[in-house]
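Asker: build me a model:
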Amino acid sequence: MKIKQRSFFSGLPAARDREAFRVLQKEKGFRIERIVSRGQATPAGRWLCSKAAEWVIVLRGRARLLFKGTGKKLTLKAGDYVFIPGGTCHRVDWTVPGRRTVWLAVHGAF
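Answerer: Below you'll find the model as predicted:
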């Protein structure tokens, strides 16, 4: 087993044109990724619906999530996290324009 130390914040992409996704670790049953947004949102009318559950935390910046069929909106700032059960359709409604929003997402069957 190789154990490596890395910095989560090193080499952050500018993400000016689109969100940047980087898988940090992938094992059977789960995936951990870093997401960098800069004013991006899920395109209007599109929903993110996965069978896998997702746990996300905003480490820098701010974002707003919208959940389909509920009207529920969550505004997240640095340090805020949310658990999204598998099959829950949601979208990124807003991220801070002109500044990076850095997310940590864990996907899996929890």
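Asker: so Val106 bridges to which residues?
Answerer: With DSSP bridges as the criterion, Val106 is bridged to Ile32, Trp55.
Asker: which residues does it contact?
Answerer: Shown in contact with Val106 (Cβ atoms under 8 Å, 6 or more residues apart in numbering): 30-32, 54-56. Bear in mind the C-beta positions are built from the backbone N, C-alpha and C, glycine included.
Asker: please repeat the previous calculation with a cut-off of 10 Å.
Answerer: 24-25, 30-33, 52-57, 81, 83 (Cβ atoms under 10 Å, 6 or more residues apart in numbering).
Asker: repeat for Asp17
Answerer: 38, 40.
Asker: flag every buried residue along stretch 8-22.
Answerer: Of all the residues in stretch 8-22, those buried under the rule 16 or more other Cβ atoms under 10 Å are 15, 19-20.
Asker: in stretch 64-72, what's buried?
Answerer: Residues of stretch 64-72 classed as buried under the neighbour-count rule (16+ other Cβ under 10 Å) are 65-67.
Asker: oh, I was asking about stretch 91-110
Answerer: 91-96, 100-107.
Asker: just these: which are in strands?
Answerer: With DSSP state E as the criterion, strands contain 91-95, 101-107 from among the buried residues of stretch 91-110.
Asker: just the closest of the residues you listed to Phe9, please.
Answerer: Top of the list for closeness to Phe9, among those and by Cβ to Cβ, is Val102 at 7.3 Å.
Asker: list the contacts of the closest residue to that closest one other than its chain neighbours.
Answerer: Take Val102 and drop its neighbours on the chain: the residue closest to it by Cβ to Cβ, 6 or more residues apart in numbering is Arg60, 4.2 Å away. Counting by Cβ under 10 Å, 6+ apart, Arg60 makes contact with 9, 12, 36, 77-79, 96, 99-103.
Asker: for Asp80, what are its contacts?
Answerer: 56-59, 62-63, 74.
Asker: what two of those have the greatest distance between them?
Answerer: Longest span within the contacts of Asp80, Cβ to Cβ: Leu59 and Leu74, 16.0 Å.
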